[in-house]
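Asker: have a look; sequence and predicted model below, questions after that.
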Amino acid sequence: MGIFSVLALPLLLLGISGVIYIYQSVKWLLSKSAVQNKVVVITDAISGLGKECSRVFHAGGARLVLCGRTWEKLEALYDALISVTDPSVTYAPKLILLDITDISCIRDVAKEILNCYGCVDILINNASMKVKGAVQSISLELDKKIMDANYFGPITLTKAILPNMISRRTGQIVLINSIQGKIGIPFRAAYAASKHAAVGFFDCLRAEMEEFDISVSTVSPTFICSYHRPPAPGNWEASIWKFFFRKVSYGVHPVEVAEEVLATVSRKKQEVLMANPIPRAAVYIRTFFPELFFAIVASGIRERLKTEEES
Ligand SMILES: NC(=O)c1ccc[n+]([C@@H]2O[C@H](COP(=O)([O-])OP(=O)(O)OC[C@H]3O[C@@H](n4cnc5c(N)ncnc54)[C@H](OP(=O)(O)O)[C@@H]3O)[C@@H](O)[C@H]2O)c1
């Protein structure tokens, strides 16, 4: 009886770990089989998240078409991918140069993409541009460039690939968006506006594509960090603003987001918000109690200005 009670907890923990391990393995195998042999296009495959998506889909046996605007970085990614995988169960990725803000070239790039394998099964719209600054300090030209990168670019590429998917009555389109497509965060007006616009477009597209069995998904992380460690504490670390949007959420690692993108594709999820409780609550507060949300944001700004003045 004594020995049993001593061993009970470790055995229970071992059992739980085993179940979790089996669950994760089954989930990975199911996700993998959903992308095996599929033609997957990733825009800006060289970004932090793009690289991880490339790795996850490549390991899953997808036929990748990797797009990016810097050839050397695409080649480095290619080398990194093929050096760690078994060539008998994976495909060598195809590389395509794509500057997502160069709207006039996107149709030609789409033809190049389609020429790689004759079709596209999964399009992951990951490319994006960020800008930070007060509204009056950002030029209209830059506002338009952000809109090109985050809205007109992805929708032009999607529209160019869609006829191929519609004719085959199959396909999946994923938009990597941001929580800023749901709530506006000060000093990121152009980025938030472009991400809101993209969500609006892809929500409509989802409904329109249902009859063709084409699924449309949006994956919106809060912020993607490269390290599992908190940012260095600064003077204004204590501000409500930082607490509200950053402190509780040190962000998600690109690997987690990439695995979520794979799960989204394999389960054809429509909308995924990757956020810790506080940013998630912010989305609900913005929806149901907008005045409270605006008041919290305004107080965060006041707090930040005060801290900046003091330092
Ligand atoms: N990082 C976050 O905290 C966060 C949070 C939520 C959502 N997201 C979303 O996640 C996605 C990936 O972001 P990320 O943070 O992984 O990116 P990132 O690591 O910050 O990389 C930025 C990338 O943008 C590329 N780029 C810039 N202008 C471009 C253009 N005109 N055409 C093509 N590529 C261009 C750069 O390519 P070069 O190296 O060649 O210049 C670089 O690869 C984006 O859709 C972003 O909105 C990010």
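Answerer: Nice, thanks for sending it over.

Asker: contacting residues for residue 261?
Answerer: 53, 56, 124, 174, 176, 219 (CB atoms under 8 Å, 6 or more residues apart in numbering). For the C-beta atoms, the positions are set from N, CA and C on the backbone; glycine is no exception.

Asker: ok, and the most crowded of these?
Answerer: Most neighbours among the contacts of residue 261, by other CB atoms under 10 Å: residue 53, with 31 neighbours.

Asker: phi, psi for that one please.
Answerer: phi -60, psi -40 (degrees, to the nearest 10).

Asker: number of nearby residues for the closest residue to it other than its chain neighbours?
Answerer: Closest residue in space to residue 53, ignoring its immediate chain neighbours: residue 258 at 4.6 Å, by CB to CB, 6 or more residues apart in numbering. A count of nearby residues for residue 258, using other CB under 10 Å, gives 25.

Asker: so where does residue 123 fall, helix or strand?
Answerer: strand 122-125 (DSSP states H and E).

Asker: what lines up beside that strand in the sheet?
Answerer: Sheet pairing of strand 122-125 (DSSP bridges) gives strand 39-42 (parallel), strand 171-176 (parallel).

Asker: just checking, next helix/strand downstream of whichever helix or strand the residue nearest to residue 53 is part of?
Answerer: Residue 258 belongs to helix 254-267 when assigned by DSSP H and E. Next helix or strand after helix 254-267 toward the C-terminus (DSSP H and E): strand 271-274.

Asker: in the stretch 51-200 of the chain, where is pLDDT below threshold?
Answerer: Along the stretch 51-200 of the chain, no part satisfies pLDDT under 70.

Asker: swap that for the stretch 201-311 of the chain, please
Answerer: 226-250, 311.

Asker: would you mark the buried spots in the lengthiest helix in the chain?
Answerer: For the chain, the helix that runs over the most residues, judged by DSSP state H, is helix 2-35. Using 16 or more other CB atoms under 10 Å as the test for burial, helix 2-35 gives 28, 31, 32, 34, 35.
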